[in-house]
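Enquirer: can't give you the sequence, but here's the structure:
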């Protein structure tokens, strides 16, 4: 019997190459070990989970060493693109004609493809299909460092390919082989249809540079503990009598008992009545569609349950079970400062429905928003995301991210939202484009958080309700950040015409705030300064990002000259009160070169600054909130300011 992907017995190479002894193969394996492990990790089936794929990739690579002298396969030619690679990189990757490397690479590829074959009844499993004896790590889960949105999207696309197709993509991207060379290696590794695998791999965009990222590097790992409570339960169970184990197993398997299929969730810890109540779909809190109209609060607690799957108890059970005990294959993420433990009681259902190619459930427990997502065709690849939203008001609870796909994002909006639109923050005069709302779900709009490359636009969500119009921006988290403009302590909405023009040069600076748990970002034009040599006036703006956890606020002082498309960041700080409601003062400086080629130290403070002094590489003092002093290129100075009430203020760094 044969699999559709890999032949039952590996086909021998069509032409034998030079004979390789064990020492030569070992030298190639040791020298190119990281690349070989990366290749095995990419080819192994995603259903193993990231931690097991890491250990299996290392095991298969370490077992690739032959026991005696062997004939190496003929080394396929590289693609023309490899000619542009430096000699050092070519030697490091093993693409310099080393027969030892070709031999161990073929063995790694062959066993990685075998590991993806399903186990068959009545047939002995192959060694690659069994859990690896070595290496083993007890008490820790190991997985590669997370990459960006592009790496995640590529990983999801590769997970939809067959094993030979993933191998073809990796051989093209990592080994830079020609199509003919890819087919030769796949055939030698035992793939039944190399040409078909190559065609299947062509459906994935050729983002080969991403294969070198930490997302696919099983040699650069993060470590997390395995489930500590589960380990403790196992220890107690090991000390218990065999009869008690049989009784527990019988109780868990009785019809009508337990929770039924839990999808990607880990096995249950214990039958705690309070925990069971929190995971019962029938006890989910469901709010009336009109509750927000008469409620004293307008936040997530008065959102009704929406979506086409709110009655799917099996889906809701899986979402609750995964929240309480996510399995090893579940991708869990949380904004900084957000706990990821299970709910203390039955949470509130906000949404359950189909979003693009996934089934999505949004839950709220008073402190957090939890988003569970699984593919339409199963639970492999399930994801669980958390965001902290305690203390959210009407302005911060206007929308939640439902899903991101193909560079776009969909939102679920609050029930009080009347109209949604999309606008480019960098083009304030272009107006907003209407977005269709279907039961509170927006049409997809371009997400700046998923974009790579230069920043030429920054699309934001515009929401209108009975109290006004607000702008929200996607920063790669569940809850978009609110944008405001004005003096700290009394900012206004960024949707006002003057605020839109003020934000335009500084929109791209929002990219530095991705995945930081940001609640709101305020832009404050704290001063305007005439430039030397009659070059016009420059604008000094301070942007402050507040977080949901309170601490960790990020402050940027930016400088915008006439005619410039972007503002320049002159200073930045974290966990400081400057430019905030508690301390609405700021002082910053920059070295600036005029059109005549002269250098100046320019500094500005908020308008209640009485004097500024520069010391160090540039000396100068001025009464007032603006300083202009001739300087040399590369000079450094320390700024000190005095406020009108006599207090001192230091330059932002």
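Expert: Good, I have the coordinates. Predicted model only: the values in this text are computed from it and were never measured.
Enquirer: my guess is residue 527 meets residue 540, correct?
Expert: Yes: at 4.5 Å, residue 527 counts as touching residue 540 under the criterion of C-beta atoms under 8 Å. C-betas here are computed from N, CA, C, even on glycine.
Enquirer: Can you check which residues contact both of those two?
Expert: Contact criterion C-beta atoms under 8 Å, 6 or more residues apart in numbering; residues shared by residue 527 and residue 540: residue 604.
Enquirer: between those two, who's got more neighbours?
Expert: Comparing residue 527 with residue 540 by neighbour count (other C-beta atoms under 10 Å), the higher total belongs to residue 540, at 28 against 21.
Enquirer: Return the set of residues that bridge with that one.
Expert: Residue 540 has the following beta-bridge partners by DSSP bridges: residue 527, residue 559.
Enquirer: isn't it right next to residue 531, touching?
Expert: No: using C-beta under 8 Å as the test, residue 540 is too far from residue 531 to be in contact (11.8 Å).
Enquirer: what about residue 562, distance to residue 614?
Expert: To residue 614, residue 562 is 24 Å away according to C-beta to C-beta, to the nearest Å.
Enquirer: more neighbours, these two?
Expert: residue 614 (22 against 10).
Enquirer: wait, what's in contact with the nearest residue to residue 214 once chain neighbours are set aside?
Expert: Once its chain neighbours are removed from consideration, residue 214 has its nearest residue in residue 145; the separation is 4.0 Å (C-beta to C-beta, 6 or more residues apart in numbering). Under the criterion of C-beta under 8 Å, 6+ apart, the contact partners of residue 145 comprise 214-215, 217, 220-222.
Enquirer: Strands - which of these land there?
Expert: When strands are assigned by DSSP state E, the members of the contacts of residue 145 inside them are 221-222.
Enquirer: mind giving me the domain ranges of the protein?
Expert: Per automatic domain parsing, the domain ranges recorded for the chain read 16-225, 273-388, 399-584.
Enquirer: Which stretch among the ones you listed approaches residue 608 most closely?
Expert: Ranking the domains of the chain by proximity to residue 608 (C-beta to C-beta) places domain 399-584 first, at 8.6 Å.
Enquirer: What is the end-to-end distance of the closest one?
Expert: In terms of C-alpha to C-alpha, to the nearest Å, the two terminal residues of domain 399-584 are separated by 29 Å.
Enquirer: And stretch 459-477, by the same measure?
Expert: Taking C-alpha to C-alpha, the span from the opening residue of stretch 459-477 to its closing residue is 15 Å.
Enquirer: chain center to that stretch, what's the gap?
Expert: The gap between where stretch 459-477 is centred and where its chain is centred comes out at 21 Å by C-alpha atoms, centre = their mean, to the nearest Å.
Enquirer: How about stretch 59-71?
Expert: That offset, for stretch 59-71, works out to 37 Å (C-alpha atoms, centre = their mean).
Enquirer: In that stretch, which residues are buried?
Expert: By neighbour count with 16 or more other C-beta atoms under 10 Å, stretch 59-71 contains the buried residues 59-62, 64, 66, 70.
Enquirer: For this structure, which helix extends over the most residues?
Expert: Secondary structure assigned by DSSP state H gives helix 99-115 as the longest helix of the chain.
Enquirer: Which other helices and strands does that helix contact?
Expert: Here helix 99-115 is seen to pack against strand 16-20, helix 22-31, helix 33-43, helix 50-62, strand 70-73, helix 163-173, helix 179-189 when contacts are counted using 3 or more C-beta pairs under 8 Å, 6 or more residues apart in numbering; DSSP states H and E.
Enquirer: next SSE after that helix?
Expert: Where DSSP states H and E defines the elements, the next helix or strand beyond helix 99-115 is strand 140-144.
Enquirer: before we move on, the earlier item: are any of the contacts of residue 145 buried, and which?
Expert: 215, 217, 221.
Enquirer: which one of those is nearest residue 552?
Expert: Using C-beta to C-beta, the buried ones among the contacts of residue 145 come closest to residue 552 at residue 215, 25.1 Å.
Enquirer: What's the mean pLDDT across the helix or strand hosting residue 462?
Expert: Residue 462 is part of strand 459-465 when elements are defined by DSSP H and E. For strand 459-465, mean pLDDT is 96.
Enquirer: Which other helices and strands does that strand contact?
Expert: Using 3+ C-beta pairs under 8 Å, 6+ apart, the elements in contact with strand 459-465 are strand 419-424, strand 445-446, strand 468-473.
Enquirer: any idea of the angle it forms with strand 419-424?
Expert: Interaxial angle, strand 459-465 versus strand 419-424 (axes from the mean of the first three to the mean of the last three C-alpha atoms, to 10 degrees): 150 degrees.
Enquirer: Deepest-packed of the helices and strands packed on helix 99-115, please.
Expert: With neighbours defined as mean count of other C-beta atoms under 10 Å, the helices and strands packed on helix 99-115 peak in mean count at helix 163-173, which reaches a mean of 26.
Enquirer: what comes into contact with that one?
Expert: 5-6, 39, 42-45, 79, 109, 112-113, 116, 158, 161, 177, 179, 181-182, 185-186, 189, 191-194, 196-198, 200-201, 204, 206, 208-209, 211.
Enquirer: which regions of the stretch 301-450 of the chain sit below the pLDDT cut-off?
Expert: Per-residue confidence for the stretch 301-450 of the chain (pLDDT under 70) gives no ranges below the cut-off.
Enquirer: List the residue ranges of this protein that fall below the pLDDT cut-off.
Expert: Counting by pLDDT under 70, the chain contains low-confidence ranges at 1-17, 71-72, 74-97, 120-124, 129, 132-134, 143, 223-224, 226-238, 240-277.
Enquirer: one more time with 80
Expert: Counting by pLDDT under 80, the chain has low-confidence residues at 1-18, 67-97, 118-143, 145-150, 152, 221-278, 450-453.
Enquirer: quick revisit: distance to residue 50 for the contacts of residue 145 - can I get that in a markdown table?
Expert: Listed next are the contacts of residue 145 as a markdown table, based on distance: C-beta to C-beta, whole Å:
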| residue | distance to residue 50 |
| --- | --- |
| 214 | 12 |
| 215 | 10 |
| 217 | 12 |
| 220 | 13 |
| 221 | 10 |
| 222 | 10 |
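Enquirer: List just the nearest of the contacts of residue 145 to residue 400.
Expert: Scanning the contacts of residue 145 for proximity to residue 400, where the rule is C-beta to C-beta, the winner is residue 215, at 25.9 Å.
Enquirer: which one is the closest one nearest to, not counting chain neighbours?
Expert: In space, residue 215 comes closest to residue 147 once its chain neighbours are excluded; the distance is 3.2 Å by C-beta to C-beta, 6+ apart.
Enquirer: Now the one you found: phi and psi?
Expert: Geometry field for residue 147 lists phi and psi as phi -90, psi -160, criterion degrees, to the nearest 10.
Enquirer: Pull the number of nearby residues for it.
Expert: Each residue near residue 147 was counted by other C-beta under 10 Å, and the total is 17.
Enquirer: Please consider this matter closed, and thank you.
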